[in-house]
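Trainee: A predicted structure for the sequence below; I have some questions about it.
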Amino acid sequence: MDRTAYKLYYQMSVEWPCLSIDVLPDPENAASGAAFDFDDAERSLSCFLVCGTQAPEAGRNAVCVMRAAGLFPMRRRRAGEDGEDGEDGEDSDSEDDSDEEGADRRGDVSVAQLRHNRTVNRIRASDVTGRPLAATWSEAGAVYIFDLTEALTAVADHHLLTEFTRRPESPAPLFAFRGHSAEGFGLDWSRLVPGRLASGDCAGAIHVWQPAEGGAGWRVDPRPLAGHSGSVEDLQWSPTEASVLAGCSVDRSLRVFDVRAKPDKACMLTRPDCHGSDVNVIAWNRLESQYIVSGGDDCALRVWDLRRFASEAPPACELSYHKGPITSVQWHPTDSSVFLATSEDNQLTLWDLACEGVSTAGLPPQLLFIHMGQQEMKEGTGTRSFPAWCSAPRWTASTSSRPSAFNWP
């Protein structure tokens, strides 16, 4: 791996493989309000993550809340700078003057675990009225909500973490819904209505959750949204319309629902056969809300313009590069034309739709960056709470099911 291509790169392992990861608000970096300077190699960064395990024994699964601190940018050796192995700035262990220094500085990782019933298929975090919550899809067919307040406090203090770990009982879920007829993967929190959640299962059912008055749990509509005829693989709430929800499925369709309507009439827009096979993932652009990107088992990435969303409407853009099914997509939080994708071909790619021109060396002109070196990548993420999620790239996090590792390129 060419480390000079990265501003910051760390890898860490956890006890068991993880299928899903999300980023938690970081009070340590948010408090300063200043953008992080990746060219200052003496300043460190911290981040908080939450993931769900896939342990070999059902009873050993957990929701893992993690704090990674002491993450330093790469220190570049400047041209003409004296090195330890040469009198004239030459370094026999370096191929060029731009090699990194200090890449072996290790970060400090703290983990607090909350016991979870069976494998975590997907996990999504949200700050709901100041309380950090995580929703999980269990392999057992239930959807749980956990309050992460205690775990987040513990990972920031080694003494509190010791006390948290020694407890005989793990904190119980705040809420559980067992009304799905099968396990599932579709899960998303609304960013416009605090506490609103949608969950979709392998039987094609989508249930909408509303927070109960007074914060006493959730009211889950037992009537599923009608539309999908196959497993619901991913869900995304609209970033601008509180009642609008998008879903994708193994039935190859992308559908848009209005949850104000009766569940059997909630499907307002449908694009059938939007991929040649299962549609695995979607992401709704939060800056230009007319665009949704999708990734499928056919290895393709397609961008859809909802202003021209009809039964046979072509995608606004189709990108072909990956050689394996797409496992996750996410838009850049501050650049409306940039998104990332992960694939079963063990690559994480960054794309910029604003780039035009002819392909070079057989690569699409929109392809900005390729990250490799992990096996079985399941999810990639980046967020505004990280000071720089950039097309360089400067900040992404990805998780793989084997080995159980997280990387920040």
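Mentor: Yep, it's here.

Trainee: where exactly do the helices run in the chain?
Mentor: Using DSSP state H, the helices of the chain run over 27-30, 149-155, 158-166.

Trainee: with mean pLDDT, distance to Glu42 and mean neighbour count added, can I get the ones you listed in CSV?
Mentor: The C-beta positions use only the backbone N, C-alpha and C, and glycine is treated the same way. CSV is the format used below for these (pLDDT from 0 to 100; distance: least, CB to CB, whole Å; neighbours: other CB atoms under 10 Å):
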stretch, mean pLDDT, distance to Glu42, mean neighbour count
helix 27-30, 58, 16, 13
helix 149-155, 96, 24, 20
helix 158-166, 96, 23, 12
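
Trainee: and of the ones you listed, who's closest to Arg67?
Mentor: Closest to Arg67 of the helices of the chain, according to CB to CB: helix 149-155, at 4.0 Å.

Trainee: got the contact list for the closest one?
Mentor: Helix 149-155 is contacted by residues 24, 48, 65-67, 110-112, 114, 131-132, 160-161, 163-164, 171 when judged by CB atoms under 8 Å, 6 or more residues apart in numbering.

Trainee: how far out from the middle of the chain is that helix?
Mentor: 21 Å (CA atoms, centre = their mean, to the nearest Å).

Trainee: and that helix, C-alpha only, in PDB?
Mentor: Taking Å, rounded to 0.1, in the frame of the first residue of the first chain, the C-alpha atoms of helix 149-155 are listed here in PDB:
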ATOM      1  CA  THR A 149     -25.000   7.300  26.800                       C
ATOM      2  CA  GLU A 150     -23.300   5.200  29.500                       C
ATOM      3  CA  ALA A 151     -21.100   3.300  27.000                       C
ATOM      4  CA  LEU A 152     -19.900   6.600  25.400                       C
ATOM      5  CA  THR A 153     -19.000   8.000  28.800                       C
ATOM      6  CA  ALA A 154     -17.100   4.800  29.700                       C
ATOM      7  CA  VAL A 155     -14.900   4.700  26.600                       C
END
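
Trainee: closest one to Tyr10 out of the contacts of helix 149-155, please.
Mentor: Out of the contacts of helix 149-155, the member with the shortest distance to Tyr10 (by CB to CB) is Met66, at 12.1 Å.

Trainee: hmm, back to that, mind putting the helices of the chain in JSON lines, distance to Val193 included?
Mentor: Output for the helices of the chain, formatted as JSON lines (distance: least, CB to CB, whole Å):
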{"stretch": "helix 27-30", "distance to Val193": "22"}
{"stretch": "helix 149-155", "distance to Val193": "21"}
{"stretch": "helix 158-166", "distance to Val193": "31"}
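
Trainee: between those helices, which one is closest to Pro17.
Mentor: helix 149-155 (20.2 Å).

Trainee: quick one: Arg124 and Trp189 touch, right?
Mentor: Yes - using CB atoms under 8 Å, Arg124 is in contact with Trp189, at 5.7 Å.

Trainee: between those two, which contacts overlap?
Mentor: Jointly contacting Arg124 and Trp189 under the rule CB under 8 Å, 6+ apart are Ala135.

Trainee: who has more neighbours out of these two?
Mentor: Trp189 (23 against 19; other CB atoms under 10 Å).

Trainee: wouldn't that one be in contact with Arg196 here?
Mentor: Yes - contact criterion CB under 8 Å: Trp189 and Arg196 qualify, at 7.1 Å.

Trainee: okay, and the common contacts of these two?
Mentor: Residues touching both Trp189 and Arg196 (CB under 8 Å, 6+ apart): Trp237.

Trainee: ok, of the contacts of helix 149-155, which one's closest to Gly324?
Mentor: Top of the list for closeness to Gly324, among the contacts of helix 149-155 and by CB to CB, is Met66 at 27.2 Å.

Trainee: so which of the helices of the chain is nearest Ser343?
Mentor: Checking the helices of the chain against Ser343 by CB to CB gives helix 27-30 as the closest, at 29.8 Å.

Trainee: nearest to Gly179, out of the helices of the chain?
Mentor: In terms of CB to CB, the element of the helices of the chain nearest to Gly179 is helix 149-155, at 26.4 Å.

Trainee: and Phe339, what is it in contact with?
Mentor: Contacts for Phe339 (CB under 8 Å, 6+ apart) come out as 283, 293, 329-332, 350-351, 353.

Trainee: cool, Asp188 as well?
Mentor: Contact analysis of Asp188 by CB under 8 Å, 6+ apart lists 124, 197-198, 234-237, 245.

Trainee: can we see that at 10 Å?
Mentor: Residues near Asp188 by CB atoms under 10 Å, 6 or more residues apart in numbering: 122, 124, 126, 135, 196-200, 234-237, 245-247, 282, 284.

Trainee: next one: stretch 343-357 to chain centre, how far?
Mentor: Centroid displacement of stretch 343-357 relative to its chain, using CA atoms, centre = their mean, is 16 Å.

Trainee: buried stuff in that stretch?
Mentor: Residues 343-353 are the ones in stretch 343-357 that count as buried (16 or more other CB atoms under 10 Å).
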